[in-house]
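> Next comes the sequence, and after it the predicted model I'd like to discuss.
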Amino acid sequence: MSTMDITRDQAAAELDEVAARLRLNNRALLRVVARAHKAGMRQRAIEQHLDVSQATVHRLLRQSAENPTVLEPTPAEIIDQRTAGQITTDKMMEQLLSWTFTFGTVPKVGGVATDAYEPGSWDDVERAFYRGQLTESELASLMDKNKDKLEQAARSV
């Protein structure tokens, strides 16, 4: 049996792990570029250290300037850390169970609901569950912990 002979489940698990690492690395890149720029480094210097184009550095800086919240930790990041093997399930659940979640809303204009949706941090949990990154048991624990807020969010729609 060669190293290329794996089951579909093994292949899917490998894909999930690499995808999680890619998302984590992209967030790390965004943060390090923002910190370097804040420390006074010019885009050309950052580009040379990272071996990426100046346009990439510019895009990352613009992204973090337009939406500084992209630099903050998220539940998705915590879940990705577990998927990538960087933290244990217990550590992930400990962090998620202590997280103060926000819940998505539909903005209203003049009292009328728009067709837009502003996501909250709970959306990360739902997305992770549907991706297969959280088990039914893990989701149930998180839902139980946030039961009142989930019910309140459902009533506000």
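Okay, I see it. Computed from a predicted model, the values in this text were never measured in an experiment.
> Please, where are all the strands along the protein?
Remark: strands assigned in the chain by DSSP state E are 108-109, 112-113.
> for the last one, packing partners?
Just to be clear, that refers to strand 112-113. When contacts are defined as 3 or more C-beta pairs under 8 Å, 6 or more residues apart in numbering; DSSP states H and E, strand 112-113 packs onto no helix or strand at all. Placement of C-beta: from N, CA and C, glycine included.
> any chance you could map the helices in this protein?
8-38, 43-50, 54-66, 75-83, 89-97, 122-131, 136-145, 147-155 (DSSP state H).
> closest one to V106 among these?
helix 147-155 (10.9 Å; C-beta to C-beta).
> what's in contact with the closest one?
F101, F103, G104, G120, W122, M143 (C-beta atoms under 8 Å, 6 or more residues apart in numbering).
> Go again with 7 Å.
Outside helix 147-155, the residues that touch it by C-beta atoms under 7 Å, 6 or more residues apart in numbering are F101, F103, M143.
> What strands line up against the lowest-mean-pLDDT helix or strand in the chain, and which way round?
Between all helices and strands in the chain, the lowest mean by mean pLDDT, DSSP states H and E belongs to strand 112-113, at a mean of 74. Applying DSSP bridges, strand 112-113 is found paired with strand 108-109 (antiparallel).
> Need the contact partners of the partner strand.
Taking C-beta under 7 Å, 6+ apart as the rule, strand 108-109 contacts T114.
> and the helices of the chain, which is most packed in?
For the helices of the chain, the largest average neighbour count (mean count of other C-beta atoms under 10 Å) is found in helix 75-83, namely a mean of 22.
> quick one: L96 and P119, what's the gap?
17 Å (C-beta to C-beta, to the nearest Å).
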